[in-house]
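> next comes the sequence, and after it the predicted model I'd like to discuss.
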2 protein chains.
Amino acid sequence: MTILVVGSVGLDDLETPLGTRRNVLGGACAYFATAASLYTNVGMVAVVGQDFPQEYVDFFASRNIDLRGLQIAPGKTFRWAGRYEKSMGDAITLDTQLNVFADFHPQIPDDLRDSPFVFLANIDPDLQIEVLQQMRAPRLTALDSMNYWMAHKRASLTRAMSMVDIVLLNESEVRLYAGDENLLAAARTVLDLGPRALVIKRGEHGSLLLVHGDGQELGLFVAPAYPVDPVVDPTGAGDSFAAGLMGYLAHSRDLSLGGLRRAMAHGSVVASFTVQGFGTERLQTLTLSDIEQRYRALCALSYFDRMPDTLLDVLKTTIK
Amino acid sequence: MTILVVGSVGLDDLETPLGTRRNVLGGACAYFATAASLYTNVGMVAVVGQDFPQEYVDFFASRNIDLRGLQIAPGKTFRWAGRYEKSMGDAITLDTQLNVFADFHPQIPDDLRDSPFVFLANIDPDLQIEVLQQMRAPRLTALDSMNYWMAHKRASLTRAMSMVDIVLLNESEVRLYAGDENLLAAARTVLDLGPRALVIKRGEHGSLLLVHGDGQELGLFVAPAYPVDPVVDPTGAGDSFAAGLMGYLAHSRDLSLGGLRRAMAHGSVVASFTVQGFGTERLQTLTLSDIEQRYRALCALSYFDRMPDTLLDVLKTTIK
């Protein structure tokens, strides 16, 4: 089933303790589309400038990526430069040039408006809402966001989060949005806006899934990260996590709670490959078979006991 | 099977965003013994001063704790005062008074020298070695340590780590000891000293188990933390994690890799109860039935797929 993705496509300058890269393919939408296209058809809605290298357009075209929604606008492509320090924590942004992205309004080609899966990468929440308003009865919608929009477009972000099925945020962003240091309490604040599920990304420490449910305990899933040694470049980890998650759901068509848990594990796996190379390098050579193999390794790495039989049925509950 | 524990017993002043406590029972050995005594008999080897409240001695005696190794020395009991900031990260030590602990040399009562399980809580590694030299053929030994000894007694700590079966350290301590930011590479440095297993504690993010093995992947286990909301006081989380781990192993007598994984999950569970109260408050009312119930909840919280059948047999391998 097709996933429509809307977000930034750009050119990045990357600096990590293990090296540097200039002018490489970047942007949340590029990471997402590259990874998700391993699972299913992807429709990309984004904007680039006239300076955007043809080789990257050719690369997208060589995957299952529908480029009719990729606008090529007069001017320069969105650019980002970032550096990671020794601990590989949050990126230090050295430079951002919005360029053609500043005036971007997503236009969804007519037949992509029927895409059953929609991923709204981290962009202005007003644009995320514009996209949702163009879609016709999508089966599953998800969005990512960041601290900037919490500070500058809080009302729009609140509205956007209330309109989607799955919200993905970093741990610190959940706390920031809710104004609550207590992570689970903060998570409830986000869930109370209306999304069916909240995914809290914790980088190398894995992720959490929270869903509305009768039983408090069954509303929570703790997903492990696949340990990577060494991390080469953390850029795009969150976007490719989302791609593994949405890609698995679209591929399996399994929207049960059990499916969502497996989808989280796929997110961990895809993100772990991403950070083993600079930019999208590793994603460009990745195969579904690599993903499946590491997924089985992640099962083996995190298994410690049987799931109680009485609870297995609960995981068949669908979220939509 | 009896667990012998050696370490500090003291009086703590605790300050967290949720409250303060003065003069409460503290010290790694106190946390460990209180929690481990839910699983099995515990022999305590420690020192307190003449000011140590009788009610705490009575409390230990009311559990399965053999106090023949608890010295009562002239002078004052070890004291620690610490504060946790909003994020509940590392404690800020406000005051440490070694008092009677300064001249402590552990004396193991003769019949406790046959204890099959030994836990060396965080103390001077020279004392940890003294204890090991007094033991007669223990079945399983483990030690905890901290950054202070890495800086001030590195050679002794290296020797102590080479003498035990399991080393438990925090994530930052593993990196510090090895001088390597890369956690898995740093872990290998510790494992190469000789212990059968390294447990890396990551606080609210769970823990990692690394063991020597043929297959790299099977040498690693990623254990989830049980999410707690709110954390009242993180003091003693690591010591009670060790108690859940050693307690489960001693209780089950299962030293297979599978047993070690379940023991790690027990560690997570016991630590999660500890941080829900100040000091040892919650541990003092905890039951094995509470632990078993939360252990099942942790299985349910972290399950996402079946363990590959071909790998299940590997978990039957024993570490000793």
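Thanks, I have it.
> check the offset of the helix or strand containing residue A:300 from the chain's centre.
Taking DSSP states H and E as the definition, residue A:300 sits inside helix A:288-302. Its chain's C-alpha centre and that of helix A:288-302 lie 19 Å apart, by CA atoms, centre = their mean, to the nearest Å.
> buried residues in it, which are they?
Buried residues in helix A:288-302, counted by 16 or more other CB atoms under 10 Å in any protein chain shown: A:291, A:294-302. From N, CA and C alone the C-beta is placed, and that goes for glycine too.
> please apply the same query to stretch A:191-200.
Using 16+ other CB under 10 Å as the test for burial, stretch A:191-200 gives A:191, A:193, A:195-200.
> repeat that for stretch A:271-283.
Going by 16+ other CB under 10 Å, stretch A:271-283 has these buried residues: A:271-283.
> any idea which of those residues is closest to chain B?
residue A:272 (11.7 Å; CB to the nearest CB).
> so where does the closest one fall, helix or strand?
Per DSSP H and E: helix A:257-274 holds residue A:272.
> if you look at that helix, does any of it touch chain B?
Yes. Helix A:257-274 reaches chain B (CB under 8 Å from any CB of the partner chain) through A:258, A:261-262, A:264-265.
> any idea of the angle that helix forms with helix A:288-302?
Following axes from the mean of the first three to the mean of the last three CA atoms, to 10 degrees, one obtains 110 degrees for the angle between helix A:257-274 and helix A:288-302.
> kindly provide the whole-number mean pLDDT of helix A:257-274.
Across helix A:257-274, the average pLDDT comes to 97.
> who does that helix touch, helix- and strand-wise?
Identification of packing neighbours for helix A:257-274 by 3 or more CB pairs under 8 Å, 6 or more residues apart in numbering or on different chains; DSSP states H and E yields helix A:28-36, strand A:197-201, strand A:207-211, strand A:220-223, helix A:237-252, helix A:281-285, helix A:288-302.
> mean pLDDT and distance to chain B added to the ones you listed, as a markdown table?
Listed next are the helices and strands packed on helix A:257-274 as a markdown table, based on pLDDT from 0 to 100; distance: least, CB to the nearest CB, whole Å:
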| stretch | mean pLDDT | distance to chain B |
| --- | --- | --- |
| helix A:28-36 | 98 | 19 |
| strand A:197-201 | 97 | 10 |
| strand A:207-211 | 96 | 7 |
| strand A:220-223 | 95 | 4 |
| helix A:237-252 | 98 | 11 |
| helix A:281-285 | 97 | 18 |
| helix A:288-302 | 96 | 5 |
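> list, one by one, the residues from the stretch 51-200 of chain A near chain B.
Contacts of the stretch 51-200 of chain A with chain B, taken as CB under 8 Å from any CB, map to A:86-87, A:181-185.
> any of those residues buried? List them.
Buried, going by 16+ other CB under 10 Å: A:182-184, out of these.
> was I right to think residue A:61 contacts residue A:67?
Yes. Counting by CB atoms under 8 Å, residue A:67 is a contact partner of residue A:61 at 6.2 Å.
> have a look at those two and say which one is more surrounded.
Remark: of residue A:61 and residue A:67, residue A:67 carries more neighbours, 16 against 12, as counted by other CB atoms under 10 Å in any protein chain shown.
> can you list the weak-confidence ranges in the stretch 101-250 of chain A?
For the stretch 101-250 of chain A, the stretches flagged by pLDDT under 70 are A:214-218.
> show me where it has strands.
A:117-120, A:140-144, A:166-170, A:197-201, A:207-211, A:220-223 (DSSP state E, counting those that start in this stretch).
> single out the most deeply packed of those strands.
strand A:117-120 (a mean of 29; mean count of other CB atoms under 10 Å in any protein chain shown).
> sheet partners, orientation included, of that strand?
strand A:3-6 (parallel), strand A:140-144 (parallel) (DSSP bridges).
> dump the strands of the stretch 101-250 of chain A to CSV, plus distance to residue B:137.
Output for these, formatted as CSV (distance: least, CB to CB, whole Å):
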stretch, distance to residue B:137
strand A:117-120, 59
strand A:140-144, 57
strand A:166-170, 50
strand A:197-201, 47
strand A:207-211, 44
strand A:220-223, 39
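> and residue A:100, what does it touch?
A:47-49, A:73-78 (CB atoms under 8 Å, 6 or more residues apart in numbering or on different chains).
> so it sits in a helix?
Yes. According to DSSP: H, G, I helix; E, B strand; the rest coil, residue A:100 belongs to a helix.
> how near is it to residue A:51?
Distance, residue A:100 to residue A:51, using CB to CB, to the nearest Å: 9 Å.
> which neighbours do these two have in common?
The contact sets of residue A:100 and residue A:51 overlap at A:76-77 (CB under 8 Å, 6+ apart).
> who touches the residue most central in space within chain A in this structure?
Geometric centre of chain A, nearest residue: residue A:242, 2.9 Å, by CA atoms, centre = their mean. Taking CB under 8 Å, 6+ apart, we find residue A:242 in contact with A:32, A:119, A:121, A:142, A:144, A:168, A:267.
> contact partners for the residue nearest to residue A:257 when sequence neighbours are not counted?
Closest residue to residue A:257 apart from its sequence neighbours, by CB to CB, 6 or more residues apart in numbering or on different chains: residue A:315 at 4.7 Å. Each residue near residue A:315 by CB under 8 Å, 6+ apart is listed here: A:256-258, A:261, B:303.
> any chance of TSV for these, columns distance to residue A:37 and neighbour count?
Below are these laid out as TSV (distance: CB to CB, whole Å; neighbours: other CB atoms under 10 Å in any protein chain shown):
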residue	distance to residue A:37	neighbour count
A:256	24	16
A:257	26	20
A:258	25	21
A:261	23	20
B:303	29	22
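> can you redo these as TSV with distance to residue A:157?
Output for the contacts of residue A:315, formatted as TSV (distance: CB to CB, whole Å):
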residue	distance to residue A:157
A:256	29
A:257	26
A:258	30
A:261	27
B:303	32
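> out of those residues, which is nearest to residue B:107?
When the contacts of residue A:315 are ranked by distance to residue B:107 (CB to CB), residue B:303 comes first, at 46.5 Å.
> contacting residues for the closest one?
Counting by CB under 8 Å, 6+ apart, residue B:303 touches A:261, A:307, A:315.
> again, 7 Å this time
With contacts defined as CB atoms under 7 Å, 6 or more residues apart in numbering or on different chains, residue B:303 is in contact with residue A:307.
> and residue A:197, by the same measure?
Contacts for residue A:197 were tallied using CB under 7 Å, 6+ apart; they are A:165-166, A:209-211, A:260, A:319.
> mind doing that once more with 10 Å?
Neighbour list for residue A:197: A:140, A:142, A:164-168, A:191, A:209-212, A:219, A:221, A:257, A:260, A:264, A:319-320 [criterion: CB atoms under 10 Å, 6 or more residues apart in numbering or on different chains].
> ok, residue A:74 next?
Here residue A:74 is in contact with A:49-50, A:100 (CB under 10 Å, 6+ apart).
> so how far is residue B:136 from it?
Distance, residue A:74 to residue B:136, by CB to CB: 83 Å.
> cool, residue A:22 as well?
With CB to CB as the criterion, residue A:22 and residue B:136 are 64 Å apart.
> what's the answer for residue A:288, then?
With CB to CB as the criterion, residue A:288 and residue B:136 are 56 Å apart.
> cool, residue A:187 as well?
Distance, residue A:187 to residue B:136, using CB to CB: 51 Å.
> just residue A:26 next, same as before
62 Å.
> one more: residue A:108?
In terms of CB to CB, residue A:108 sits 75 Å off from residue B:136.
> who touches the residue in the stretch 51-200 of chain A that chain B sits nearest to in this structure?
Closest contact between the stretch 51-200 of chain A and chain B, by CB to the nearest CB, is at residue A:184 (3.6 Å). By CB under 10 Å, 6+ apart, the contact set of residue A:184 is A:174, A:200, A:208, A:210, A:216, A:220, B:227-230.
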